[in-house]
Every structure is written in C-alpha cells, then in structure tokens.
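Asks: The sequence and its predicted three-dimensional model are supplied below.
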Amino acid sequence: MLHNSARAIDMKLHLHSQTDPRRHEQEGPLIITGGEGVYVRDDAGRRYMEGMAGLWTASLGFNDARLAAVASDQFGRLANYHTFNHRSNEACIDLMDQIASVSPLAPCKIFLANSGSEANDSMIKLAWYYQAARGKPGKRRIISRKGAFHGSTVMGAALSGLPHMHRSFNMATDDILYAGKPHHYREARPGESEEEFVDRLIHELEAIILQADPDSVAAMIAEPVMGAGGVIVPPQGYFPRLRKLLDKYDILLLADEVVCGFGRTGNWFGSQTFGFVPDMFSVAKGLSSGYLPIAAVVVSDKLYQAIADEGQRNGVFGHGFTYSGHPVTSAVAAEALRIYREMDVVARARSLGERMRTRLAEALAEHPMVGEIRSVGLIAGVELVADRATGESFPAEARVGARVERACRAHGIILRNMGDVLALCPPYVIEPEQIDELVQALSFAIEDVRDELER
Ligand code: PMP
C-alpha cells in the first residue's frame with residue numbers, strides 16, 4: 001500500500017533529473033529505501049550491488065558510520081554558518097587543510113561551493129576575473145569538448161558537449177568553442193595510431209583557437225576522463241600536448257575533477273594520472289563521498305594573486321554562495337578525506353582497478369557485442385556494438401544500453417548506461433570478490449540482451 005502510493009506520488013509530482021518524463025509517467029521510479037556498504041535496497045526489498053557508487057559519488061558506500069557520527073556531532077555544535085565577509089568556521093578550515101594536503105597545486109587557494117556545476121561555474125568566473133585583472137577582459141571565450149559533461153546550471157550545461165543538454169533549452173553558447181574529444185576508438189581515422197590521433201586533435205584545436213583569435217580565449221575546461229560522455233580515457237600523450245598548446249596562446253587549463261578526484265583514476269587527481277598541471281580544478285561528488293552536497297575549486301597561487309589584487313581594487317571579490325563552507329557538509333567532507341588517506345585510497349583504487357580490468361577482459365574482451373573496454377584506476381566503460389569487426393553501433397532506437405542496464409538490475413546490480421556504454425564506478429569499499437560478482441552480473445545481463453536480440 002505504502003509502496004504503491006509512494007510510486008503514484010512520485011509519478012504524479014516528480015519532474016525527474018535527466019529522465020524521459022513521459023516514460024516516467026508510464027514506468028515510475030526505482031525507489032531506494034536503504035543502503036549498506038556497496039549495496040542498496042529498493043522498496044520491494046530487492047538488494048542491488050551499486051556498481052556506479054550512485055552517481056559516481058558514494059566512494060565509501062551507503063552508510064559509513066564515521067560520516068554519520070561526524071554529521072551528527074557537527075549538527076549538535078554548529079549547524080549553520082556562512083563564509084561571507086571574513087566569517088569562517090572550524091569545520092571548513094579543517095576541510096581546506098585536508099584538501100590542500102593532497103592538492104597537486106601548492107601553494108593554492110580554495111573556494112568552496114555546493115555542487116559540481118557551481119564549482120565549474122565558479123572556475124569560469126574566476127578565469128574571467130583573472131583575465132580582467134591582468135588587463136585582458138577581451139579573453140572571454142571558453143573551450144570545451146564534444147562529449148563533455150560539466151553540469152546543469154546555465155554555464156555548466158553550455159560547457160557540456162552532449163546534445164541532450166542543449167536541445168530545446170535555447171542555450172547561451174556564443175562564447176563556447178567545442179573541440180574534438182580524445183576518443184580513439186570512435187574518432188580515430190582508419191589505421192591512425194594514438195599518437196597520430198593526438199597530433200591531429202591538437203592541430204585541429206590550434207586551428208579553432210586561431211580562427212577564434214587567441215586574444216578572445218580565456219580558458220579551456222576538461223575532464224581528465226570524460227565520465228557522462230562514455231568513460232573516455234584519453235591517450236597518455238594528449239594532456240601534456242594540450243597544456244603546451246594552451247600555454248603557447250596564453251589560455252588557462254581548468255580541470256573538472258568532479259568524477260576523477262580523490263583516487264578514482266589511481267592517483268589523487270586525474271591530472272596526475274594523465275601528466276598535466278591545471279591552473280585550477282574543481283572537485284565535488286567523492287569530496288564528501290556524496291553524503292552531502294559540497295564542492296570546491298582549487299586555484300593556483302599565480303591566479304590567486306591576480307584575483308586578490310583585483311578584488312581589492314573592487315572593494316570585494318564579488319562571488320560566493322550562502323552555503324560555501326557550510327559547517328556540516330564541510331565536517332563530513334573533511335572526515336571522508338581523512339578516511340581516504342587512512343585506507344590509502346590511491347593504492348586501493350589501483351589494486352581493485354587491476355582486478356576489475358582483468359575480470360572485464362576475461363569475461364567480455366572477446367564478446368561479439370563488446371567493441372571496447374576502457375578503464376583506468378577504478379572506473380571503466382564497456383562499449384556495446386552491433387558489429388565488433390567494424391565497430392558499427394546499434395541503432396539508437398534499439399536502446400541496447402538501456403536494456404542491458406535493466407537486465408543488470410534483474411541480476412542484482414545497478415550500473416549506468418550512457419547510450420550503449422555501460423559505466424562501472426564502484427565504491428572503494430568494494431571487496432575483490434564483489435568485483436568478480438559485479439562483472440559476472442554484467443556479462444549475464446549482456447548475454448540476456450543478446451538472446452533477446454537474436455530472438
Ligand atoms: N562535472 C562532471 C565531470 C560531472 O560528472 C558532473 C555530474 N555528473 C558535474 C560536473 C556536475 O555536478 P553536479 O551535478 O553536482 O552539479
């Protein structure tokens with residue numbers, strides 16, 4: 001009864017994020033009522049292993065007791081305060097200390113926000129502010145990439161290079177330039193090596209910059225591994241070449257570490273895995289293990305010095321959110337970072353990732369429906385194809401990825417499909433044997449859909 005009425009209310013009232021509304025009116029929600037470790041439970045009592053850590057978020061699983069205790073303790077001591085006009089609190093100070101201790105930018109300054117979108121919006125505003133501070137306000141344009149995901153706010157969505165993020169929204173994208181994505185499997189020409197492919201991408205980007213006029217370009221934003229675009233792991237040489245090109249034209253490089261940050265790629269940050277130093281980077285999601293909404297931008301000292309001078313000229317640095325540095329979200333995030341350090345999250349992501357890579361290869365590398373398996377650290381994508389030999393995709397209307405995602409649930413796991421790519425991004429608290437189960441359930445699900453397609 002309760003089950004049915006909750007479903008009905010959700011179907012009646014909820015305009016869901018990133019969901020087909022009419023389909024939702026027909027099919028209704030998956031209502032999750034509890035979580036334990038890497039498992040979540042739905043309102044019908046079914047248990048699923050969460051192979052995506054929610055939305056690339058719950059790195060410590062779904063009911064970490066230390067995070068709960070810290071939240072409760074902070075609620076009891078100071079449940080709200082702000083950081084405008086020189087105000088601060090002990091929890092956000094502790095958090096910044098934790099972030100700085102693992103930051104690849106040192107010295108650095110840290111700006112606190114509440115979501116990945118806000119952090120990315122903030123990076124763009126900081127880039128503009130910096131360019132104005134150094135007398136280059138004409139440097140306004142931002143380079144992003146096709147297939148990128150940077151959020152759902154006006155700027156986050158404009159930066160995103162996924163068609164569904166723009167369609168029918170009448171987006172303000174005049175100042176955004178979209179470069180090609182480093183997706184060798186899909187975008188390379190026949191016979192093109194990774195090195196030749198990177199070379200071509202860099203030349204194409206240089207042409208975009210020259211055509212736009214380098215003096216009109218402020219910054220480029222990039223995810224080290226493109227997540228929502230299909231877990232696209234770039235060739236190793238890509239980011240160092242990109243950094244060099246942007247330096248040549250005096251363009252900032254902003255890393256969106258919202259998915260990659262805090263160990264996911266086998267280093268603290270994706271920039272370290274792919275060999276580049278950004279001018280600033282955004283983090284969210286894993287920052288609090290997704291337990292409370294919090295995000296941050298870490299800014300290099302060079303940028304900060306110019307920004308601070310400009311802020312002084314203006315009387316104030318005119319940016320910031322009511323909940324920037326919120327004491328409870330900050331306390332939880334600080335504790336999550338402490339736990340990551342204690343568990344040696346980098347070593348753990350590497351060894352679990354190696355297991356996941358091996359198991360995926362054993363189960364699926366030769367499968368006729370699998371075109372490519374991409375992975376780094378503890379994140380992977382499995383791209384499904386109609387024809388393995390040619391790489392030909394399934395027709396979109398066959399919704400093969402979505403069908404596999406549904407079949408995964410029947411086998412007791414939750415993954416996410418982005419088109420026909422299945423993403424795996426399990427919590428760091430997953431055990432090696434559970435990785436085996438996850439991969440086995442995925443291969444059963446792919447088999448089920450293959451049977452369906454053959455029938
Ligand atoms: N950047 C990346 C790389 C993301 O994956 C996401 C969220 N999926 C965002 C930004 C936006 O984060 P939020 O939804 O917290 O605004």
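Replies: Everything's here; your move.
Asks: Surely Ala380 is in a strand?
Replies: Yes - applying DSSP: H, G, I helix; E, B strand; the rest coil, one finds Ala380 inside a strand.
Asks: Identify the residue spatially nearest to it, adjacent ones excluded.
Replies: In space, and not counting its chain neighbours, Ala380 is closest to Leu424: 4.4 Å by Cβ to Cβ, 6 or more residues apart in numbering. Just so you know, the C-beta spots here come from the backbone N, C-alpha and C atoms, and that holds for glycine as well.
Asks: Around Leu453, how many other residues sit close by?
Replies: Leu453 has 13 neighbouring residues, counting by other Cβ atoms under 10 Å.
Asks: Okay, it and the ligand: tell me how far apart.
Replies: 30 Å (Cβ to the nearest ligand atom, to the nearest Å).
Asks: Tell me which residues touch His166, please.
Replies: Residues in contact with His166 (Cβ atoms under 8 Å, 6 or more residues apart in numbering) are 157-158, 160, 173.
Asks: now with 7 Å?
Replies: For His166, no contacting residues are found, by Cβ atoms under 7 Å, 6 or more residues apart in numbering.
Asks: ok, now Glu362?
Replies: Going by Cβ under 7 Å, 6+ apart, the list of residues near Glu362 is empty.
Asks: Glu335 too?
Replies: Here Glu335 is in contact with 66-67, 70 (Cβ under 7 Å, 6+ apart).
Asks: hmm, back to that, next up, the contacts around the residue nearest to Ala380.
Replies: 51, 356, 380, 415, 438.
Asks: again with Arg350
Replies: 266, 377.
Asks: ok but it is inside a helix, no?
Replies: Yes - under three-state DSSP, Arg350 sits within a helix.
Asks: Look up the pLDDT of it for me, please.
Replies: Predicted confidence (pLDDT) at Arg350: the value is 98.
Asks: and what of Asn4?
Replies: The model's pLDDT for Asn4 equals 75.
Asks: Which strands or helices does the host helix or strand of it pack on?
Replies: Using DSSP states H and E, Asn4 maps to helix 2-13. Packing partners of helix 2-13 (3 or more Cβ pairs under 7 Å, 6 or more residues apart in numbering; DSSP states H and E): none among the helices and strands.
Asks: How far does that helix sit from its chain's centre?
Replies: 30 Å (Cα atoms, centre = their mean, to the nearest Å).
Asks: Pull the residues that contact that helix.
Replies: Under Cβ under 7 Å, 6+ apart, the answer for helix 2-13 is 24-25, 28-29, 31, 43-44.
Asks: Specify which member of the residues you listed is nearest to Gln131.
Replies: Nearest to Gln131 out of those is His24 (Cβ to Cβ; 42.6 Å).
Asks: Contact partners for the closest one?
Replies: His24 touches 11, 16, counting by Cβ under 7 Å, 6+ apart.
Asks: before we move on, back to that, just read off the phi/psi values of the residue nearest to Ala380.
Replies: phi -120, psi 130 (degrees, to the nearest 10).
Asks: how close does it sit to Leu246?
Replies: The spacing between Leu424 and Leu246, counted by Cβ to Cβ, to the nearest Å, is 31 Å.
Asks: Might you enumerate the residues of this protein proximal to the ligand?
Replies: Residues of the chain lying close to the ligand (Cβ under 6 Å from any ligand atom) are 55, 115-117, 120, 149-151, 223, 227-228, 256, 258-259, 284.
Asks: Give me the subset of those residues that lies in helices.
Replies: Here DSSP state H is the test, and those give 55, 116-117, 120 as lying in helices.
Asks: Check what pLDDT whichever residue of the stretch 1-150 of the chain sits closest to the ligand gets.
Replies: Distances between the stretch 1-150 of the chain and the ligand by Cβ to the nearest ligand atom are smallest at Gly116, namely 2.3 Å. In this model, Gly116 is scored at 98, pLDDT.
Asks: hang on, the earlier thing: give the PyMOL command for selecting the buried subset of the contacts of helix 2-13.
Replies: A single PyMOL command is used to select the members of the contacts of helix 2-13 judged buried by 16 or more other Cβ atoms under 10 Å:
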select buried, resi 29+43
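Asks: and the contacts of helix 2-13, which two are the farthest apart?
Replies: Across these, the longest distance by Cβ to Cβ is 20.0 Å; it joins Glu25 and Ala44.
Asks: Any chance of the ones in helices among the residues of the chain next to the ligand in TSV with neighbour count as columns?
Replies: Below are those laid out as TSV (neighbours: other Cβ atoms under 10 Å):
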residue	neighbour count
Leu55	16
Gly116	28
Ser117	23
Asn120	28
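Asks: And Ala295, how far from Ala212?
Replies: Separation of Ala295 from Ala212 (Cβ to Cβ): 29 Å.
Asks: Show me the contacts of Leu424 that map onto strands.
Replies: Ala380 (DSSP state E).
Asks: Is it possible to get JSON lines of the contacts of Leu424 that adds distance to Ile93?
Replies: Compiled in JSON lines, the contacts of Leu424 are given as follows (distance: Cβ to Cβ, whole Å):
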{"residue": "Gly51", "distance to Ile93": "36"}
{"residue": "Met356", "distance to Ile93": "37"}
{"residue": "Ala380", "distance to Ile93": "37"}
{"residue": "Leu415", "distance to Ile93": "38"}
{"residue": "Leu438", "distance to Ile93": "38"}
